[in-house]
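**Q** Sequence below, structure please.
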Amino acid sequence: MLERLNQALNHLEACLDREVDMAEVARIAAVSEYHFRRLFSALAGMPLPVYVRRRRMTLAAAEVLAGELTLLDVAVRYGYGSGEAFARAFRSVHGIGPGEARRTGAVLTAQPRMSFRVVVEGSTTMRYRIVEKESFRVVGRKARVPLVHEGVNAAAAACVESLDEQAIVRMKELAGQEPEGILSAAVYLTDRREEGAEADYWIGVATGPEAAAEELDALDVPAGTWAVFDNHGPYPSALQELWRDVFTQWFPSNPYASRPGPELLRTQPVEIGAETDSQLWIPVERSSGSAGLGAPPR
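**A** This is a model prediction of the structure:
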């Protein structure tokens, strides 16, 4: 799998001076474009479009400083239709415009070419099962929250605290499907996974697809396949580490890819640092490419 990812990155690198066909890049990696974007974000710590822009501006900066081409020629070479658009992209990476960089020889920012490799970290195992689930509905309270990679997510915690007794009673009346009990659901608005990226967040229960939400918010979830991970450890750090490990270790090692859908979490909130049992549900599908995995990837 890592070999294919690196082949895809090599192809992407060769296309930086023209429009990149992300579907073709994902095909080389033998995964869907959706899964490639999510997997890259989890492994690299930045969204794929950000990496592409930084690499383009790294190469463009060398040509700006060399002074052999006009700034417009450099802009066109890297896919920008106007000098203004190129200058904005250049400034977003380097902090100054290309004209200023050429005049002053200012210090610029380089994005190194990325590649992935295996790092053996020990004998940690991951407990999971694959579940085929019919369509269902999550009923509860919804909020828009930023992603937090470490520590408590204050916006998500505020959503939980906003539940009144009436809402909790109604949710418990509707509960009756797996995952059982109070759970949270996250729907990511884009393929970005960096700190601060936004997601729609539900705190609620899983119930039948026709259940009446009444005064509560509802999220309809279509039928599909889920990878379910059991976890025990200190709250919330163990959960955050589990999510990271699913995308950086489990997906590259198993014949599954992530698919669109909410990520579900069932846990019992406790004091920070206290041990708790949790269950993480990730929507998945069988991967069509198997050669790199020794068997037939957010």
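**Q** close enough to count as contact, Glu285 and Ala227?
**A** No. Applying CB atoms under 8 Å, one finds Glu285 not in contact with Ala227, separated by 10.0 Å. In this view, the C-beta of every residue, glycine as well, is placed from N, C-alpha and C.
**Q** Tell me where the chain is predicted with low confidence.
**A** 104-105, 118-125, 149-150, 191-194, 253, 269-270, 288-298 (pLDDT under 70).
**Q** quick one, which of Glu285 and Ala227 is more surrounded?
**A** Ala227 (20 against 17; other CB atoms under 10 Å).
**Q** neighbours around Glu53, how many?
**A** Not quite, residue 53 is Arg, not Glu. Burial of Arg53 is recorded as 18 neighbouring residues (other CB under 10 Å).
**Q** Let me fix that, I meant to ask about Ser135.
**A** For Ser135, the count of nearby residues is 12 (other CB under 10 Å).
**Q** Check Ala66 too.
**A** Residues lying near Ala66 (other CB under 10 Å) number 10.
**Q** Now do it against Glu19, distance only.
**A** Separation of Ala66 from Glu19 (CB to CB, to the nearest Å): 24 Å.
**Q** and for Glu285 and Ala227, which residues touch both?
**A** Counting by CB atoms under 8 Å, 6 or more residues apart in numbering, the shared contacts of Glu285 and Ala227 are Tyr256.
**Q** ok, Val52 - contacts?
**A** 12, 16, 20.
**Q** Show me which helix runs longest in the chain.
**A** Counting residues, the longest helix in the chain under DSSP state H turns out to be helix 48-66.
**Q** Beyond that helix, next helix or strand please.
**A** Next along the chain after helix 48-66, taking DSSP states H and E as the criterion, comes helix 71-77.
**Q** ok now the host helix or strand of Gly140, how far from the chain's centre?
**A** In this assignment (DSSP H and E), Gly140 forms part of strand 136-146. Its chain's average C-alpha position is 18 Å from that of strand 136-146, according to CA atoms, centre = their mean, to the nearest Å.
**Q** partners of that strand, with directions?
**A** Its sheet considered, strand 136-146 pairs with strand 198-207 (antiparallel), strand 217-221 (antiparallel) by DSSP bridges.
**Q** Out of the ones you listed, which one sits most buried?
**A** Greatest average neighbour count among the strands paired with strand 136-146 goes to strand 198-207 (a mean of 22), per mean count of other CB atoms under 10 Å.
**Q** And for that strand, what's in contact with it?
**A** Against strand 198-207 from outside (CB under 8 Å, 6+ apart): 136-147, 155-156, 159-160, 163, 171-172, 174-189, 216-217, 219, 262, 264.
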